[in-house]
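J.: Have a look; sequence and predicted model below, questions after that.
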Amino acid sequence: MLGFAAVGLLAYAADLALFVWLRGPVGLDPLTAKALSFVAGCSVAYAGNALGTYRHTTAGGLRRYAVFFAVNVAGALVQLLCILISHYGLGFTSPHADTVSGSGIGMALATVLRFWGTRTLVFRGEGRVGSWTG
């Protein structure tokens with residue numbers, strides 16, 4: 001779990017930094033900025049998990065990447081939904097509010113989904129599906 005957390009922090013940093021830059025100086029709308037920053041964070045997360053956290057699992061090739069991407073898209077949808085509700089539903093339209101809703105609240109909720117999906121659907125090893133031990 002510590003490896004997943006470390007990789008997640010790196011992916012989060014990439015996602016957050018790109019989102020803040022795209023939303024601020026570049027001036028993109030919040031949903032476009034989050035979608036682009038998601039792709040960067042997802043790429044960092046896949047590389048870190050495949051080469052580090054879950055390096056001992058059997059290779060899955062393109063199928064594994066596709067499932068990983070799908071799990072992360074589900075997480076990104078959670079983040080986008082948080083921005084959608086905050087920005088367009090509640091009227092909190094500042095870049096700071098978008099960052100809190102998408103990269104704070106949304107990321108926390110999405111992380112729970114991503115941990116479960118990554119562990120049980122993507123990098124599952126023999127005897128590890130659904131297991132919380134080693």
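T.: Great, that's in hand. Numbers count the residues shown, from 1 in each chain.
J.: all helices in the protein, in order from the N-terminus.
T.: Under the criterion DSSP state H, the chain contains helices at 2-23, 30-48, 61-83, 95-99, 106-117.
J.: Relative to residue 54, which of those helices is closest?
T.: Closest to residue 54 of those is helix 2-23 (C-beta to C-beta; 8.0 Å). Where you see a C-beta, it was placed from the backbone N, CA and C, and this is true even at glycine.
J.: Which secondary structure elements does that closest one sit against?
T.: helix 30-48, helix 95-99, helix 106-117 (3 or more C-beta pairs under 8 Å, 6 or more residues apart in numbering; DSSP states H and E).
J.: Let's see that with 10 Å instead.
T.: With contacts defined as 3 or more C-beta pairs under 10 Å, 6 or more residues apart in numbering; DSSP states H and E, the packing partners of helix 2-23 are helix 30-48, helix 61-83, helix 95-99, helix 106-117.
J.: can you list contacts of the shortest one?
T.: Pointing back at helix 95-99 there. Residues outside helix 95-99 that contact it (C-beta atoms under 10 Å, 6 or more residues apart in numbering): 16, 19-20, 23-24, 27, 29-31, 33-34, 82-83, 86-87, 90-92, 104, 106.
J.: Emit the PyMOL select command for whichever of those residues are buried.
T.: Remark: buried members of the contacts of helix 95-99, expressed as a PyMOL selection using 16 or more other C-beta atoms under 10 Å:
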select buried, resi 16+19+20+23+30+33+34+82+83+86+87+106
